[in-house]
Structure formats: structure tokens, C-alpha cells
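Novice: Please work out how this folds:
(2 chains)
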Amino acid sequence: MTTRMVDVRGKKVEVLESGSGEPVLYLHDMWDLHTAQGGMFPFHEQLAAKFRLLAPAHPGCGESDSIKSIADIDDLAFHYLDVLDALGLQNAAIVGTGLGGWVATEIAVRNPERVSRLALVGAAGLQMPGAQIADIFMYSQHRDGGIMRDLRNLLFGDADSALANSIVPDGRVNIPDEVRRYKSLTLAGRVGWEPPYLHDRKLLDRLHRIAAPALLIWGEQDRFVPLANGRAYAANLPKAALKVLPGVGHSAILEAPEQCMALIAPFLSTGALP
Amino acid sequence: MSDTGQVNVFSWHFMPWPYLDENFDRDHESGWITVPNSLFDRKKAVGLYQEYLDELAAADGLGFDGVVLNEHHQNIYGIMPAPNLLAAALTQTTKTCKLVVLGNLLPLNFRPLRVAEEYAMLDCMSNGRLVAGFAPGGGHESYSYSYSMPLARERFWEGVDLIVQAWTKPGPTSFEGKHYSMRYVNPWPQPLQTPHPPIWIPGSNSVETMYEVARRDFCYFLSTRGKLSGAKRSALRFGEVVEEIGKDFHPHQMGLLFSVYVGETDEIAREESGEAIFYFTRNCLKGHQRRKGRRLTMAPGGLSPSSWQLYLENSVVGAKMLGDAENWKDIDEMGSIFVGSPDTVFDKLWEFVDEANIGNLLIQFHIGNLSKEKTLKSQQLFAEKVLPRLRAESKKLFARKFAKKTIDVEAEAVVTA
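Specialist: Below is the predicted model:
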């Protein structure tokens, strides 16, 4: 695994790179690599065992420069078109989780020719009636002097699991990780806090432009971005398959890395939908 | 603020909802945002605003330098979402005191020009008595009104600059910012005070805010329930920032909020205010300055990552806050609520003037569910026994420590009628 700083129109972007083979651009979520911790989780290591994983940190996240001009998802999508250029990726397979999945989709509706495969895991971006995306900003504030269970409940199928507690512990984690998380919420706050909350009302009607096949993976217990939004993606993307993981929450790549890999690896290799 | 060579003392009001029952703390995680408004009792609300306005109008008669209003939304802590409405009422019932609105929350407004217009109206209606406060809002406000904290910070300063332009550049002008674009900036009326009403900005130790405030010659209101040591640190830091950009610091550039109950003796003061003080800490501060419940004071993006890191390094998660006070000993240790005889209260406040260079004391007399009778009594005792001493002592102190700046501040305070 290496980390390098890539110049994107005068701004530094931290890019984590690992593995060899076909390149896969990984766009991270709010509790993911670059955000919950600096380095890779098991899912990313498994992905890097088969592909050349390229994982840039969003503006203002990790060691990437913050970019003041980014004030909505449109700005972020155009930033990533610049990142694709800077990385020399003409036609990329993209894996996007949560917030990153939304960004990936926004790139694909703008420049469909730049995306060869789209794998979305619990992606934000759509909000169907009755399937409100939860208030991650308010529920990331602790209760009773340090209890983070409400956030764990949004991010994990089982809020009380050892995994959930290790990634979102009660009390304070070390200061570098606290700052990392703060940066992640700050970036998300720039593009997704104000209505429409972490979604784009125009996106649904633009999905038809995406030519690439799209694999959608959703935790059945996703209480952050409810499953109905995944069904809406599947129904409106021209070539899509939705796989629902029972007992899993929003953080499917952390909660069920093997299941995710078993679906994503063959899809990225062949483009065939399960 | 007729004589600016001494400390300015203001009467502050939150206008809380005072009719919560004893089970509120048990049944609700917060007094903010999600606190069910089915608890609002329409019958009990009759006359409540009038009572609160009367308490502030009384401060004018007692010779306070001003009264202070503030803006909060969807909570029981302060049912004052539109402070300009109340300031308008006070223009008619007060004669000489400053009307401090601290402040209008700019990110909530469709266009800051509206704030420039309303404040100009208030300045005209009060014959030049407005102190114009602008605030970006904290976590409560951004959660409550679904606005992005990181974006609000940028919008805030742009909005402030738009308002100052509206008051100082002969119109029509235009304004082209990143967030606001106004083809015609030409508000009628204009404020009476020139170049514009004094501007106060609350901050909670963010160095970015200190620089912006200092650069523009505004007053910094330290928006924390800090102890003396914290206030000293902040005042010192703000003073350094002011000097760093080549200006002189004066205590009138710093304000701080205290809660006070004055009685004839310490015992009487505690006896008369105890229920109300603990109503305030237990209920009003739940969701704000209390460990128990969900604390919503902070919001991600309100500070830069480096300021956030500094905050983390200087704070302890789960530390006791003002709202966690369970007894008088706790209250005394927290250093923000002063209950006692005139001498006791004077001594506590004087430390902040003498050691932390706080030149604007903002005093909350109505606390929690304190009755009108007790509020007026405490406020009056303060005006008779504490206020004159604060003025006399601070006059000597400021003349000794900050002589040069005093003259400048007086020149700025001239009102054109």
C-alpha cells in the first residue's frame, strides 16, 4: 500500500494505492478508509488482492486539501472528473460506498463514457417518499457525555456488535482519528446537509444516461440510507441488479466484507450482473 | 453607555418556557429541537412575553446601559425566535438604554439585506440605541433549520459585509459575493448611528472568528459559560489578535454573559433563587450545557480542523458542565452563575473585569422559572448596590490600564439624530 499526493488543478489529493491489475477507483463513505481510519479495512485489502485499488480522499478529508469552492454535489462530481484526468483514468470501474456511491453516480450521469462499471453500496443520492435519509450530523453528537449508540445504530445492522463498537466507540477516540471524522462530516456537510439532504432531486430522472452496468449492494437493516432508495436506483438504472444483505446495516463493506467481495469481484472482472 | 471609560452593564433575557413539570428531565432527552411542542400550554402562555418585556423595561429605568435579546429556535431555553419583534416593542417602553440584539442569525435569513433593513428600522425607532449583533448560530440552529454549518460560516461573514455595505456606502450600490448577489443595495431607512450601530459578534474561542472581528473593529462576545481562567485565556488571546493587526485592545471589545441573583444576604439569595437556578440547569441546559441527554451545541464544520483539534486537546469528553450542577457547591465551582449578597456578586464579577479585561457584563436576571417579582427584586438590588461600585471601580481601572483607547471609543459612539 502506498499513499501519494496527486496534484489536481493546484490542490493536493491524497490517493491511497494498493494492488495491481485493472484499476478500480474507490470513493469512500463517511465511516470508511480516510474517514474512520487512515488505512484500509479488510474489504479494501481483499479488493486490492485482485485489482489496482485507487482510493482518493475527498476534499478536506484525510490529507487532501480542502477546496472552498465545493459547496454542493455538482462541485464534488466535477472535482472527481478532474481526479480521473489526473490519475489518467479514461474509463474507470468505480466502487462507491454511501456518500462515495452518490458521487460515483453523479459522475456517471454527467460523463457516462468515463465509467465502465458502477458498484454502489448503500449509496446516498436518492430519497424516496417514506425512506428519509437519517440525520447523520445530529446523531453523530454523543449522548450522556459520550455515548455514540445512536450513530452506531444508523451505521450498523447491530449497534451493539463488537465491530460497531470498535469503529464508533463511546467516548473519545485518539485525537488524529477524531479530527479525521470531523473532516469527513465537514465535507459531507458541505454537499449534503442543506435540503435536499444527502440527495439530489434531479438525479432520479438522470439515471437513464448511465450506460455502465450497475451492481447495487444494500444492507437490509440500513437505517441511514433506507433500502427503498436502493430499490429506486435498481428500478431506474438501465442495467442494474440489487443484492440485499440480510442482517447487515449501512456499513456493508465493514459488516460483511466477504459477501460484498463475492458479489463485487466477479462483477468488476466481467461486467456481468448477478 | 454615556460614559465609556467604565464597564458597561446590560440586563439579558432568554425568555425561557417556565412551565415544565418535574418529570421533564426524566422524560425528555433534550430541551431543544426535538422537544415536543405539545408541552407548550397556550393558556399559560398568555401574558408571558409581556412579563418578560416588563422585566427588561425595568432595567432601563434602573440605569442599566442596555438590555440584551437573543435568537433561538424550537426549544424551551428561549422562546425568542424573532428577537427584532421584541426589540421593536422595547423601543416604545424604554427611553435611554441600548437595545442589544445578540444577534440575528444570518444563515437563517433568505437575504442579509432584510437584517440591514430591520436593524435600521430599530435604530430609527429607538433614536439610535441599537447594538447590532450578528451570529452564525451553533449546532442547535443548524440542526433546527437544516442549514450546513461549514457553509454557514462562509455565508456569515459575507452577509456581515453586505450589511455593513448597505449601511455605509451611499446607495444604490450592488453586491456580488459567492453566496449573495444583490443588484440593488439601497435600503430605506438607514440607521441613525454613524457610520453604523456598534456591531457585536459572538464567538466560542475560534481564532478565525477573533481575527475577523478584530479586523473589522467589532465587539467580541465570548459565547461560552466559561470560568474565569477560560475567560482570561480568551480575552488575552483576543487582545493579542487585536494588537497583532496593529490596533489597541480595550475591554469594551469583549463581552461575557453571567447569571446573577442578588439577595440581601447570601442565604436569602440562595433561598429565593434555588428552585429557579436548578430549573435552568436541569431543564433549559439539557441538550446544551449538560452531559445528560444529547448535546447539540456543536456541529461539524463549525470550526476549522485545526481549531477543532485545539478544542479536543483542551477539553475532556464527559466533563461536568454547568447544567450538571447538582448543588450550590457545583454552581460556585462552575463560575458562571453568581448568587449572593451584593458584596458576593460584586466580588465575583469584579474578577472578570480586573483579571480578564471584560468590559461588557451581560447579566441574566431572569433565570429558569424565576417569578417576575423575584426577577425585579434581584435586578433592582443589583442596580442599587452592585452597579455603582462596578462603574466606579472600573473607571479607575480602565483609566490606568487602557487610557488611550477610551477616547477612540467615545468618538465612535456619537449619534446623529
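Novice: interface residues of the stretch 1-150 of chain A facing chain B?
Specialist: Counting by C-beta under 8 Å from any C-beta of the partner chain, the positions of the stretch 1-150 of chain A adjacent to chain B are A:60, A:68, A:71, A:135, A:137-138, A:140-146, A:150. Placement of C-beta: from N, CA and C, glycine included.
Novice: can we see that at 10 Å?
Specialist: Taking C-beta under 10 Å from any C-beta of the partner chain as the contact definition, the stretch 1-150 of chain A meets chain B at A:60-61, A:66, A:68-72, A:135-147, A:150.
Novice: Among these, which lie within helices?
Specialist: Secondary structure assignment by DSSP state H places A:136-139, A:150 of these in helices.
Novice: Please render the residues you listed as TSV that adds distance to A:P196, pLDDT and neighbour count to the earlier fields.
Specialist: Formatted as TSV, these follow (distance: C-beta to C-beta, whole Å; pLDDT from 0 to 100; neighbours: other C-beta atoms under 10 Å in any protein chain shown):
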residue	distance to A:P196	pLDDT	neighbour count
A:I136	14	96	26
A:F137	14	96	24
A:M138	17	95	19
A:Y139	18	94	21
A:D150	23	96	21
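Novice: picking that back up, so how do I select the buried members of the residues of the stretch 1-150 of chain A next to chain B in ChimeraX?
Specialist: Isolation of the buried members of the residues of the stretch 1-150 of chain A next to chain B (16 or more other C-beta atoms under 10 Å in any protein chain shown) is achieved in ChimeraX through the command below:
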select /A:60,61,66,70,71,135,136,137,138,139,140,141,142,143,145,150
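Novice: what's around the spatially closest residue to B:Y211 that is not a sequence neighbour, how many residues?
Specialist: Counting by C-beta to C-beta, 6 or more residues apart in numbering or on different chains, the nearest residue to B:Y211 once its immediate chain neighbours are dropped is B:V241, at 5.7 Å. Around B:V241 there are 20 other residues, counting by other C-beta atoms under 10 Å in any protein chain shown.
Novice: swap in the one 10 residues further on?
Specialist: Neighbour count for B:P251, taken as other C-beta under 10 Å: 26.
Novice: Phi and psi next, for it.
Specialist: Taking degrees, to the nearest 10, you get phi -50, psi -20 for the backbone angles of B:P251.
Novice: any idea how far it is from chain A?
Specialist: Going from B:P251 to chain A by C-beta to the nearest C-beta, to the nearest Å gives 33 Å.
Novice: So that residue sits against B:G239, correct?
Specialist: Yes: using C-beta atoms under 10 Å as the test, B:P251 is close enough to B:G239 to be in contact (9.4 Å).
Novice: who touches both of the two?
Specialist: Each of B:N357 lies in contact with both B:P251 and B:G239 under the rule C-beta atoms under 10 Å, 6 or more residues apart in numbering or on different chains.
Novice: now the strands for the chain?
Specialist: I went with chain A, as the question did not name one. A:2-8, A:11-18, A:23-27, A:52-56, A:92-97, A:115-121, A:214-219, A:240-245 (DSSP state E).
Novice: that's the wrong chain, I meant chain B
Specialist: Per DSSP E, chain B has strands spanning B:8-12, B:66-69, B:98-105, B:130-135, B:173-176, B:181-185, B:199-203, B:219-222, B:254-262, B:337-340, B:360-364. These are given in chain order.
Novice: sorry, back to before: you'd agree the residue nearest to B:Y211 is up against B:M210?
Specialist: Yes: between B:V241 and B:M210 a contact is recorded at 4.5 Å, counting by C-beta under 10 Å.
Novice: Now for these two: what residues contact both?
Specialist: With contacts taken as C-beta under 10 Å, 6+ apart, B:V241 and B:M210 have B:Y220 as neighbours in common.
Novice: Now for the closest residue to A:S69 other than its chain neighbours: which residues touch it?
Specialist: Leaving aside its sequence neighbours, A:S69 sits nearest to A:D75 (C-beta to C-beta, 6+ apart; 6.1 Å). Under the criterion of C-beta under 10 Å, 6+ apart, the neighbours of A:D75 are A:59, A:67, A:69, A:190-191.
Novice: Show the buried residues in the residues you listed.
Specialist: Once neighbours are counted (16+ other C-beta under 10 Å), the buried part of those comes down to A:59, A:67, A:190-191.
Novice: and which of those is nearest to chain B?
Specialist: Taking C-beta to the nearest C-beta as the measure, A:R190 is the one of the buried ones among the contacts of A:D75 closest to chain B, at 5.1 Å.
Novice: Which two among the ones in helices among the residues of the stretch 1-150 of chain A next to chain B are spaced furthest apart?
Specialist: Considering C-beta to C-beta, no two members of these lie farther apart than A:F137 and A:D150, which are separated by 12.1 Å.
Novice: what about stretch B:65-85, near chain A?
Specialist: No: against chain A, stretch B:65-85 shows no contacts by C-beta under 10 Å from any C-beta, the least distance being 12.4 Å.
Novice: What's the mean pLDDT across that stretch?
Specialist: Here the mean pLDDT over stretch B:65-85 is 97, rounded to a whole number.
Novice: What are the buried residues along the longest helix along chain B?
Specialist: Counting by DSSP H, the longest helix found in chain B is helix B:149-168. Buried positions in helix B:149-168, judged by neighbour count with 16+ other C-beta under 10 Å: B:149-167.
Novice: same thing with stretch A:85-99?
Specialist: For stretch A:85-99, a neighbour-count test (16+ other C-beta under 10 Å) marks A:86-87, A:89, A:92-99 as buried.
Novice: Of all pairs in those residues, which one is the farthest apart?
Specialist: A:A86 and A:G98 (23.4 Å).
Novice: pLDDT weak spots in chain B?
Specialist: Screening chain B residue by residue with the criterion pLDDT under 70, one finds the ranges B:1-4, B:226, B:404-417.
Novice: show me the contacts for the most centrally placed residue in it.
Specialist: Nearest to the mean C-alpha position of chain B, by C-alpha atoms, centre = their mean, lies B:L102 at 5.1 Å. Under the criterion of C-beta under 10 Å, 6+ apart, the contact partners of B:L102 comprise B:10, B:12, B:68-71, B:83, B:131-135, B:200-202, B:219, B:221, B:223, B:255, B:257, B:362.
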